[in-house]
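1. Kindly generate the corresponding structure for this input.
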Amino acid sequence: MATTATVHPTVGLRWKPRVWVQWLHRWATLTLGVLLLVVTTSGALAVFNYELNRLSFPQFYRTTMTTSPVSLNSAYATVVQALANEPDMQQVYIADTITRPGDVYQFFLREADGHRVGSAFVDPATGAYLGHYDSDTTVWSWLATLHYSLFADEVTFTYPEWVPEWAKTWFGETLAELLLKHVALLLFILVLTGAYLWWPGIKKFAYGFRVRPKASGMAWHYDWHKVIGFASLPFLLMWALTGLNFYAPFSDWIGAGWYTVTLSEAPPDWPEVASTPSGSPMISLERAGQIARETVPDATIISIALPHEPDGTVSIWMTQGIDPYGYAEWPGWINLSLDAYSGAVLDNNLDRSQSLAANFYNNWFYPLHTGSFVPWQARIVWAVFGLIPLFLAFTGVMQWWLKRSKRKARAERRMEMATSVGD
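-> Next comes the predicted model:
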């Protein structure tokens, strides 16, 4: 009489904390992981957006060295005249003027609705008009736009009146906000769960950094995922927190947590200021620059923006010392707001006293995210760590696949054994 073998399932203590964390780490990756890879990979190249645009269009950034540059008023008039001769630029106005020392004069152009349509350039040494182009249409800016909006910022949400405010804040105003805040939240979850899964314990701490030299298959993927993942944790955590800080309600929570931990107070909001039209013409770029130099003598003027609205103010950005935005397209951390008619200083952010913690929170979170405070050579580090999620995704998926294949093969062998014994 043939006996039938009974295959007893392995009984173990399931749903321990590590099992829960591993489950969360795996399924968080499988749900929004592809979107996270799109954001991180495009961001790895977006940190070089400004330099790559300059490299792609060198004709607009060539300047002759001089100690006597033409005035901003003259360069401004040159751009206005050049644009007047182009039929498709008739509705364009100059919004901002960038005056980096030793660089070309760059004039940001916008349409009446505020939409940016590129930049025009003038050689400060000769006053020659170098032309204009729209940097937002380049492949490098395409990658930058993919990173910070996923091309979804035009999709807006309209909520019924019965939807509570917390839900509106959580989901946001656009599809881009909804996706990106949850991608940043996913990255934060992966960092925390990854750190928990990496931790080998005090006695086996060294094993957390070990890569077995002859490992292959599952062991190879596990070792390298573990070591590279731990090495990238500081950068990934920084990107997760600074990315979340772009959006409510996370920005409120992070700000409150920051000021609580640092035992400091949040600075007051920037005051709302406006010009008082007096019937006289607005002050010129040169006059605005003169007032700025008199107000902050040791600072260097980076940009001057004349208002487009009658009650708008002249906005001036200056740099001094270590500039968190020094290598970005738009440097400067000192801001002045002037009355567009009298030239009176309506606001100077240097006059608003704030603690070191508040200064770091307000001026360094974004530069840390983008690396704008270091030259492009140093930003290669940002790019390398931005590409690491690709490697972690590959090794993580391979671990899951190999483990799944092994379980499937083991189950098939058990079934074959049970069938053979039964026969």
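2. Take the host helix or strand of residue 346, keep the C-alpha atoms, and write them as PDB.
-> Using DSSP states H and E, residue 346 falls within strand 345-348. Listed in PDB are the C-alpha atoms of strand 345-348, where the atom choice follows Å, rounded to 0.1, in the frame of the first residue of the first chain:
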ATOM      1  CA  VAL A 345      14.800 101.500  -0.100                       C
ATOM      2  CA  LEU A 346      11.500  99.800   1.000                       C
ATOM      3  CA  ASP A 347      13.100  96.600   2.100                       C
ATOM      4  CA  ASN A 348      16.600  95.200   2.800                       C
END
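3. tell me the average confidence for it?
-> In this model, strand 345-348 has an average pLDDT of 94.
4. same thing with stretch 217-227?
-> 89.
5. Show residues contacting it.
-> 198, 208-212, 215, 391-392, 395-396, 398-399, 402-403, 406 (C-beta atoms under 8 Å, 6 or more residues apart in numbering). For every residue, glycine as well, the C-beta is placed using N, CA and C.
6. what comes up buried for the helix or strand following the strand holding residue 346?
-> Going down the chain from strand 345-348, the next helix or strand is helix 356-370, by DSSP H and E. By neighbour count with 16 or more other C-beta atoms under 10 Å, helix 356-370 contains the buried residues 357, 358, 360, 361, 362, 363, 365, 366, 367, 368, 369, 370.
7. just the strands in the protein please.
-> With strands called from DSSP state E, the chain shows them at 92-98, 105-111, 116-122, 129-133, 300-305, 313-319, 334-339, 345-348.
8. need these in TSV with distance to residue 290, can you?
-> Converted to TSV, the strands of the chain look like this (distance: least, C-beta to C-beta, whole Å):
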stretch	distance to residue 290
strand 92-98	14
strand 105-111	17
strand 116-122	20
strand 129-133	25
strand 300-305	10
strand 313-319	11
strand 334-339	11
strand 345-348	12
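9. rank those strands by pLDDT, which is bottom?
-> Among the strands of the chain, strand 92-98 scores lowest, at a mean of 89.
10. What is it packed up against?
-> helix 72-84, strand 105-111, strand 116-122, strand 300-305 (3 or more C-beta pairs under 8 Å, 6 or more residues apart in numbering; DSSP states H and E).
11. Just send these back as JSON lines, with mean neighbour count too.
-> Below are those laid out as JSON lines (neighbours: other C-beta atoms under 10 Å):
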{"stretch": "helix 72-84", "mean neighbour count": "17"}
{"stretch": "strand 105-111", "mean neighbour count": "20"}
{"stretch": "strand 116-122", "mean neighbour count": "22"}
{"stretch": "strand 300-305", "mean neighbour count": "21"}
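12. State the distance from residue 212 to residue 227.
-> From residue 212 over to residue 227 the distance is 11 Å, taken as C-beta to C-beta, to the nearest Å.
13. go on, residue 138?
-> The value you get for residue 138 to residue 227, if C-beta to C-beta is used, is 37 Å.
14. And for residue 204?
-> 14 Å.
15. and what of residue 137?
-> 41 Å.
16. Compare these two (neighbour count), which wins?
-> A side-by-side neighbour count of residue 137 and residue 227, using other C-beta atoms under 10 Å, places residue 227 first with 15 against 10.
17. burial of the nearest residue to residue 56 once chain neighbours are set aside, as a residue count?
-> Using C-beta to C-beta, 6 or more residues apart in numbering and skipping the chain neighbours, the partner closest in space to residue 56 is residue 138 (6.2 Å). Per other C-beta under 10 Å, the neighbour tally for residue 138 reads 16.
18. Surely residue 138 touches residue 50?
-> No - under the criterion of C-beta atoms under 8 Å, residue 138 makes no contact with residue 50, lying 10.9 Å away.
19. Return the per-residue confidence for residue 8.
-> Residue 8 carries a pLDDT value of 50.
20. Report the buried residues of stretch 240-253.
-> Quick answer for stretch 240-253 (16+ other C-beta under 10 Å): 240, 241, 242, 243, 244, 245, 246, 247, 248, 250.
21. so how far does it reach from one end to the other?
-> 14 Å (C-alpha to C-alpha, to the nearest Å).
22. again, but for stretch 52-62
-> 15 Å.
23. contacting residues for residue 127?
-> Here residue 127 is in contact with 70, 74, 75, 78 (C-beta under 8 Å, 6+ apart).
24. now swap in residue 239 and tell me
-> 40, 43, 184, 187, 369 are the contacts of residue 239 under C-beta under 8 Å, 6+ apart.
25. One more: residue 328?
-> 50, 367, 370, 372.
26. same thing but 7 Å
-> Residue 328 sits next to 50, 370, 372 when contact means C-beta atoms under 7 Å, 6 or more residues apart in numbering.
27. how far away is the closest residue in space to the first one that isn't next to it in sequence from residue 145?
-> So the one you mean is residue 50. Spatial nearest neighbour of residue 50, excluding adjacent residues (C-beta to C-beta, 6+ apart): residue 329 at 4.3 Å. To residue 145, residue 329 is 14 Å away according to C-beta to C-beta.
28. isn't the residue nearest to residue 50 right up against residue 48?
-> No - counting by C-beta atoms under 7 Å, residue 329 stays clear of residue 48, with 11.3 Å between them.
29. if you count what's nearby, which of those two comes out ahead?
-> residue 48 (19 against 16).
30. Distance check, the residue nearest to the more buried one when sequence neighbours are not counted against residue 104.
-> With C-beta to C-beta, 6+ apart as the criterion, residue 48 has its nearest non-adjacent residue at 5.9 Å, and that residue is residue 376. Going from residue 376 to residue 104 by C-beta to C-beta gives 18 Å.
31. ok, those two, which is more surrounded?
-> residue 104 (23 against 16).
32. ok, back up a step: filter the contacts of stretch 217-227 down to just the ones in helices.
-> 198, 391, 392, 395, 396, 398, 399, 402, 403, 406 (DSSP state H).
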